[in-house]
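**Q** Mind folding the following:
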Amino acid sequence: MTWQPEDLSRIIEQMPIGVAITAPTGSVEYANARLCGMLRVHFERLAGADLASFRAASALQNDHMRLRLLAGEPWQEEAQFRTGAGDLLHVFESAFPLRDPEGRVTHFTHVLQDLSLLKVSETLKNLAFHDELTGLPNRNLFHNRLALALASARRARHGFAVLSADIDRFALVNDSLGRDAGDELLRQVAARLRACLRETDTVARMGADEFAVILDRVLDPDLAGKMAGKLLAECSGDYDLHGNRLRITMSVGLSLYPRDGQEADTLLRRADLAMYQAKATGGNRLQLREPRPRLGYGLRREAELLDCDPSGVAEAQARLQLPCHMNDAVRVDEHRTRNAHARGRFSPAASAFDEDRLGGRIR
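**A** The predicted structure is shown next:
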């Protein structure tokens, strides 16, 4: 088949991408139907107009692009165009110089590919794996990162640390200043957490005021403790929340691979238990999970129900389905029954109680 110029013109008109030919000054001399549809304008409005007037970019950037094309160099970038209806259109723009037989640049060809659907897909993907409020990875992405860290540590025979962090008395912020202030506090805490960590580390919002951290390639408990201590110090302090200055503290629990567990769930659970211990003993502290912990992490022997009527011990014991010979302490943190901890009297035989079994019931 022999292709004629009119055949090529028909192909350009039917292409699913926008095509425009402009003079070196930027004025549009040709635009296919697809481009007119993308910009939501008739060709009569495009003809003679400067294509840069539709591009949501600075005059300096438009001039830089034009100089590159006049020098005979192509130009490619992701850009935004303003449609005739005033909406922003995300496109990938490619521009090429057109030369006459003498080699002089006479026109520019612009090819625009609509990225709107791709941007929607990226947004949905981001929502699926990131927390909308703070922008941090969410629980789903954290578990994925934790699995990758575990696989890497097993392969390279190195260690890593898992941190569980919680804002002390967070509910009081919501109750006294409102949820907007609580949301602002979460955003500021997230920003401080990010600033404390290395690029290879991961911090995620697990829900409510709970955060989790992976400290990559950390095996020494002392080093892990120092890094976690720095994080605690940086994130605890004064916060300005809509004109109200509050002093905020956090509780942090830490577990180490391979010392404290060989599986992801075990490491996270033991970091959680250590964090709960830190909160139960007043908060504003770091609790390291000990290599051979005893039931209750050495808590006081008498049973107690923190921030709650002591008569609730029996009710909590029945709800958690813990053995009757064990005393229970249930932390009701600012009217929220969030964490339960077994603690108190136990016989020598009970001292060998496996905390994995306890943790499984608590969670």
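**Q** Could you count how many residues lie near residue 10?
**A** By other Cβ atoms under 10 Å, 11 other residues sit near residue 10. Every residue, glycine included, has its C-beta placed from N, CA and C.
**Q** cool, the one 4 residues further on as well?
**A** Residues lying near residue 14 (other Cβ under 10 Å) number 10.
**Q** Then residue 71?
**A** Using other Cβ under 10 Å, residue 71 has 9 other residues around it.
**Q** And the helices in the stretch 1-150 of the chain?
**A** Remark: helices assigned in the stretch 1-150 of the chain by DSSP state H, counting those that start in this stretch are 5-14, 33-39, 43-46, 59-70, 116-129, 139-156.
**Q** Same question for the last one: list its buried residues.
**A** Of the residues in helix 139-156, 141, 142, 143, 145, 146, 149, 150, 153 count as buried by neighbour count, 16 or more other Cβ atoms under 10 Å.
**Q** So which other helices or strands are in contact with it?
**A** Contacts defined by 3 or more Cβ pairs under 8 Å, 6 or more residues apart in numbering; DSSP states H and E place helix 139-156 against helix 116-129, strand 160-167, strand 202-207, strand 210-215, strand 250-257, helix 264-280.
**Q** rewinding a little: including distance to residue 259, could the helices of the stretch 1-150 of the chain go into CSV?
**A** Converted to CSV, those look like this (distance: least, Cβ to Cβ, whole Å):
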stretch, distance to residue 259
helix 5-14, 65
helix 33-39, 58
helix 43-46, 67
helix 59-70, 53
helix 116-129, 29
helix 139-156, 12
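**Q** could those be laid out in TSV, adding distance to residue 183 and mean pLDDT?
**A** Converted to TSV, these look like this (distance: least, Cβ to Cβ, whole Å; pLDDT from 0 to 100):
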stretch	distance to residue 183	mean pLDDT
helix 5-14	49	76
helix 33-39	37	93
helix 43-46	44	92
helix 59-70	35	90
helix 116-129	17	76
helix 139-156	18	94
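**Q** just so I know, which of the ones you listed lies nearest residue 187?
**A** Comparing the helices of the stretch 1-150 of the chain against residue 187 with Cβ to Cβ, the closest turns out to be helix 116-129 (16.5 Å).
**Q** how close does the most centrally placed residue in the chain sit to residue 130?
**A** Centroid check for the chain by Cα atoms, centre = their mean gives residue 136 as the closest residue, at 2.1 Å. Residue 136 is 7 Å from residue 130, where distance means Cβ to Cβ, to the nearest Å.
**Q** How about residue 142, nearest residue that isn't a chain neighbour?
**A** Nearest in space to residue 142, with sequence neighbours left out and distances taken as Cβ to Cβ, 6 or more residues apart in numbering, is residue 204 at 3.6 Å.
**Q** so what's the one you found bridging to?
**A** When assigned by DSSP bridges, residue 204 has beta-bridge partners residue 212.
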